[in-house]
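Trainee: What shape does this take:
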Amino acid sequence: MNIYKRIAEIISRGETCVVITVAETYSGSPGKEGFKLVVTKDGNTYGTIGGGAVEFDAVNRAKALFKEKKNLIEHIKLKDEGMNCGGDMTLFYEYIRAKKMFLLFGGGHIGRALVPLLELAGFFVTVFDSRPEIKEYFSDKPDRNVVIADYNDISMVKDELIAADYCFIATHGHSYDSAVLQQLLDCKKSFTYVGLIGSKAKVKTAFRNLEQRGYAIPSYIYSPAGLKIGGDTAGEIAISIAAEVLSVEYGVDAIHMRINPQLNPLDAGIQKIV
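Mentor: This next block holds a predicted model:
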């Protein structure tokens, strides 16, 4: 049962893993049916399928599955592995993809519309807001992670920041948006996507202020956030943002509303942003 606990811990951290199970064995096999070995993306292993050359080769095959993202059934003749004990084994490799972690700063109208859309797309969303009453808007799912803290100190979600590659900022104040964005940049982490709500004028001002303080605007920031699909209600905006997140996730070309300082400098001064 400890191996299942280990798998649950890995998934809860937002990590993927490959679980190798001995499905069948024949005489002479060092592994027994039901033995399991867990391999993480960074190469850590937990459990065993019997050790030796079979286990060594199995770990290498598991590492390849992180790129292929698929399961595998493998029939092994132990003599072919250089093992004198003989016999055969059948191994089942199960690629387990954890839910993608998403950090949402701001549980207002757009945030409340966005969360269920992201959950449908397979994300585990942590909502960060400074207002205690926000919790009640997300109470329909008790397993949701809602953190109430000051926007000027997002260290309360340090673990979530490590696990999350996706963030969205839509607080109830421009100054809070800027404070959160600056702290994300201070993380020195290369996110896959950070969306920031706001008009083009607000975004230009925010980018200039950051540039004047010595910050560069990385390409993973999408602001104004969302795809150009039309609509201006909270629900319609949330749909455009969720669609943008998926387009980035799958590398699909789409018409974004964002200002990209790398391609479209706001003025001569912002050309220094890289």
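
Trainee: which secondary structure elements does whatever helix or strand residue 201 lives in contact?
Mentor: If you go by DSSP states H and E, residue 201 is part of helix 200-212. Applying 3 or more CB pairs under 8 Å, 6 or more residues apart in numbering; DSSP states H and E, one finds that helix 200-212 makes contact with helix 174-186. C-beta: built from backbone N, CA, C; applies to glycine.

Trainee: other SSEs contacting the helix or strand just after the helix it packs on?
Mentor: The element immediately downstream of helix 174-186 (helix or strand, assigned by DSSP H and E) is strand 193-196. Packing partners of strand 193-196 (3+ CB pairs under 8 Å, 6+ apart): strand 166-169, helix 174-186, strand 221-222, helix 234-249.

Trainee: what is the orientation angle of the helix holding residue 201 with helix 174-186?
Mentor: Angle of helix 200-212 versus helix 174-186, following axes from the mean of the first three to the mean of the last three CA atoms, to 10 degrees, is 50 degrees.

Trainee: Do me a favour and average the pLDDT over whichever helix or strand residue 159 is part of.
Mentor: According to DSSP H and E, residue 159 maps onto helix 158-163. Average pLDDT, helix 158-163: 87.

Trainee: cool, and stretch 180-194?
Mentor: On average, stretch 180-194 scores 93.

Trainee: Give me the buried positions along that stretch.
Mentor: Using 16 or more other CB atoms under 10 Å as the test for burial, stretch 180-194 gives 180, 181, 183, 184, 185, 191, 193, 194.

Trainee: which parts of the helix holding residue 159 are buried?
Mentor: 160, 161, 163.

Trainee: Redo these as TSV? Include distance to residue 61.
Mentor: Formatted as TSV, these follow (distance: CB to CB, whole Å):
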residue	distance to residue 61
160	32
161	33
163	26
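
Trainee: Looking at those residues, spot the one nearest residue 236.
Mentor: Proximity of the buried residues of helix 158-163 to residue 236 (CB to CB) peaks at residue 160, which lies at 27.6 Å.

Trainee: Domain-wise, how is the chain divided?
Mentor: Domains of the chain are assigned by automatic domain parsing as 2-96, 100-272.

Trainee: Which of those domains has the lowest mean pLDDT?
Mentor: Per-stretch mean pLDDT for the domains of the chain is lowest at domain 2-96 (a mean of 86).

Trainee: got the end-to-end distance for that domain?
Mentor: Using CA to CA, to the nearest Å, one end of domain 2-96 lies 17 Å from the other.

Trainee: Correct me if wrong, but residue 115 is in a helix.
Mentor: Yes - remark: residue 115 belongs to a helix, assigned using DSSP: H, G, I helix; E, B strand; the rest coil.

Trainee: Next one: it from residue 194, what distance?
Mentor: 17 Å (CB to CB, to the nearest Å).

Trainee: Can you give me the separation between residue 109 and residue 20?
Mentor: As judged by CB to CB, residue 109 and residue 20 stand 46 Å apart.

Trainee: These two: who's more crowded?
Mentor: More neighbours surround residue 20 than the other of residue 109 and residue 20, with 27 against 16 (other CB atoms under 10 Å).

Trainee: If you count neighbours, what's buried in the helix or strand that contains the more buried one?
Mentor: With elements taken from DSSP H and E, the one containing residue 20 is strand 17-25. Neighbour counts using 16+ other CB under 10 Å place 17, 18, 19, 20, 21, 22, 25 of strand 17-25 among the buried residues.

Trainee: I'd like to know which of those residues is nearest to residue 65.
Mentor: residue 18 (5.2 Å).

Trainee: check contacts around the closest one.
Mentor: Neighbouring residues of residue 18 by CB atoms under 8 Å, 6 or more residues apart in numbering: 38, 39, 62, 63, 65, 66, 93, 94, 95, 96.

Trainee: doesn't residue 4 make contact with the last one?
Mentor: No - between residue 96 and residue 4 there is no contact, the gap being 11.5 Å when judged by CB atoms under 8 Å.

Trainee: Looking at the two now, which is surrounded by more residues?
Mentor: Taking neighbours as other CB under 10 Å, residue 96 and residue 4 compare with residue 96 leading, 14 against 11.

Trainee: any idea how far that one lies from residue 17?
Mentor: 5 Å.

Trainee: Which neighbours do the two have in common?
Mentor: 7, 11.
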